[in-house]
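A.B. asks: please work out how this folds:
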Amino acid sequence: MLLTLTLFAPLAGALLVAIVPAARQGSARLVALLASLVTLALAVALAARFRTGEAGFQLGQAAEWVPAFGVSYRVGVDGVSLPLVLLTAVLTPLAIAGSWRMTDRPRSYLALLLVLETAMLGVFVSLDLFLFYIFWEAVLVPAYFLIGSFGGRRRVYAAVKFFVYTLLGGLLMLVGIIALFWLHQQATGTPTFDYEALVDFQKAPSTQRWLFAAFFAAFAIKTPVWPFHTWLPDAYTEAPTTTTVLLAGVMSKLGVYGFLRFALPLFPDGARWAQPALLTLAVVGILYCALVATMQRDFKTLVAYSSVSHLGFIVLGIFAFNLPGLQGGVFYMVAHGLVIGGLFFVTGMLEERRGTRRIEDFGGLQQVVPRMAAVMLVITLGSVALPGLVGFVGEFLTLLGAFLENRVYAVLAAGGVILGAVYLLWAYQRMWHGPLEREENRALADLDGREWAILAPLVAAIVVLGLFPRPVLDRVEPSAQRVVEQTQAPSP
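C.D. replies: Below you'll find the predicted structure:
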């Protein structure tokens, strides 16, 4: 029951928040924070019970749901999904703490954050394709309202664009799921959506290509892979900061996780057929979005494009089809979630103080907020993959995997590392160094206790996992090796 409790604890917290009287907003905040911390404690207990060195799913639970159609409640974790469960459980209480001063309908906002957490956790632990699809689409509902009801000036446009894009991709995946279910039933006479049964089911290479394309539509849009990324800058820029932290830190991992968990094992021939195209899209996305980020004047938009560029490294590692690439891809998911969350948190803190995110409105901030400047420097260096910080491990392994598969892709993608250092360090220099020219910046307050509580865990994780990545890599390795074997297995 431990995994089920972890999965639904945020949803229970959302229900409790919803019944708190409207006049007691402080109580609602406290209930939401406690619910998220309980979820974190359960996730840590889950990790403590996880057996390192095993490739299969662990700590699972299964129960019949709609047996006539082969639908079951089936959940479990392995070395690929466990780090993402922990990442979700860590970022959610930080996002709730970041929303502590919110005055616009805080009960509704916090309840939606908790619902979003349950939906994202459900995607990572589902081992029944019907259940997976329910959680996949459930993510859209709280995310849509968080953007559309609480976002910036263009929030409705951004929310609708996000919803339409991702819903369309999900519907195409639904067609693929139904087709896979039908093919299995025709061949075996047994209706099932069970993940492991469908992985073992032999499918013709030509059929796999069509099914891979259907799943690709959903995963490429949700990641997003270039050129399906156009919804992301609007959604990330218009959403409230703490919503953006969860969208960029966790929700963007749903797509790359989908590739690794479902697209490769279910359709290995289709994945090998699509490999050159995916590697090309990954490299183009890395370079194109890095160039676009360099030209941004709004720092939050710069970080949004930076996110798309860095997600390209994850796609590159996954479609290298070797152990370093897959290990690096999973580790980079965690690294990206920590770093991008930190960048967006600091951006939101600056916006609270100054009412602006334009890079040119700052300058010389290190003189008045030295602690915030130091924290931002560590996070920025983690993002540009400085050795010893968390970004370096994931970036190195994904590039190594790409190099072992195709040196041209690795060399081109390395250009994204250089561009990433250019736009992030250049932005840091303009915002935090130089003369303090604007009078409005002289009265800025440095980090307070609540903000330290949000940023300190992220900085600690960025440093510790950068120096000691083995605990994560050891748990990822067996499951990643199994995906490599499934992907490279010869066709029947």
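
A.B. asks: give me every residue that touches residue 221.
C.D. replies: 165-166, 168-169, 228, 231, 255 (Cβ atoms under 8 Å, 6 or more residues apart in numbering). Glycine gets a C-beta too; all of them are placed from N, C-alpha and C.

A.B. asks: out of these, list just those in strands.
C.D. replies: Residues of those located in strands (DSSP state E): none.

A.B. asks: which among those residues end up buried?
C.D. replies: 165-166, 169, 228, 231, 255 (16 or more other Cβ atoms under 10 Å).

A.B. asks: so of those residues, which ones are in helices?
C.D. replies: 165-166, 169, 231, 255 (DSSP state H).

A.B. asks: closest one of those to residue 441?
C.D. replies: For those, the residue nearest residue 441 by Cβ to Cβ is residue 231; the value is 33.2 Å.

A.B. asks: ok, residue 103 to residue 421 distance?
C.D. replies: For residue 103, the distance to residue 421 (Cβ to Cβ, to the nearest Å) stands at 39 Å.

A.B. asks: the two - which one has more neighbours?
C.D. replies: residue 421 (17 against 6; other Cβ atoms under 10 Å).

A.B. asks: and the helix or strand the more buried one falls within, what's buried?
C.D. replies: Counting by DSSP states H and E, the element that carries residue 421 is helix 407-432. Using 16+ other Cβ under 10 Å as the test for burial, helix 407-432 gives 409-410, 412-414, 416-417, 419-421, 423-424, 427-428, 431-432.

A.B. asks: who's in contact with the residue lying closest to residue 45 once chain neighbours are set aside?
C.D. replies: If the residues on either side of it in the chain are set aside, residue 45 comes closest to residue 2, at 6.3 Å by Cβ to Cβ, 6 or more residues apart in numbering. Under the criterion of Cβ under 8 Å, 6+ apart, the contact list for residue 2 reads 42, 45-46, 49, 59.

A.B. asks: and of these, the nearest to residue 294?
C.D. replies: Nearest member of the contacts of residue 2 to residue 294, counting by Cβ to Cβ, is residue 46, at 40.6 Å.

A.B. asks: how about the strands of this structure, start to end?
C.D. replies: Taking DSSP E as the criterion, the chain carries its strands at 58-66, 71-77.

A.B. asks: what's the most buried one of these?
C.D. replies: Mean neighbour count (mean count of other Cβ atoms under 10 Å) peaks for strand 71-77 among the strands of the chain, with a mean of 21.

A.B. asks: residue 96 and residue 29 touch, don't they?
C.D. replies: Yes. Counting by Cβ atoms under 8 Å, residue 96 does reach residue 29; the two are 7.4 Å apart.

A.B. asks: most widely separated two among the contacts of residue 221?
C.D. replies: Of all pairs in these, the most separated under Cβ to Cβ is 168 and 255 at 13.9 Å.

A.B. asks: what separation is there between residue 384 and residue 176?
C.D. replies: 38 Å.

A.B. asks: how about residue 453?
C.D. replies: On the measure of Cβ to Cβ, residue 453 and residue 176 end up 43 Å apart.

A.B. asks: okay, these two: which has more neighbours?
C.D. replies: More crowded of residue 453 and residue 176, by other Cβ under 10 Å: residue 176, with 23 against 15.

A.B. asks: with adjacent residues omitted, what lies nearest to that one?
C.D. replies: residue 214 (3.0 Å).

A.B. asks: look up how far residue 174 lies from the one you found.
C.D. replies: 8 Å.

A.B. asks: more neighbours, those two?
C.D. replies: For residue 214 and residue 174, the more surrounded residue by other Cβ under 10 Å is residue 214, and the numbers stand at 22 against 17.

A.B. asks: these two touch, right, that one and residue 173?
C.D. replies: Yes. Residue 214 is within contact range of residue 173, at 5.7 Å (criterion: Cβ under 8 Å).
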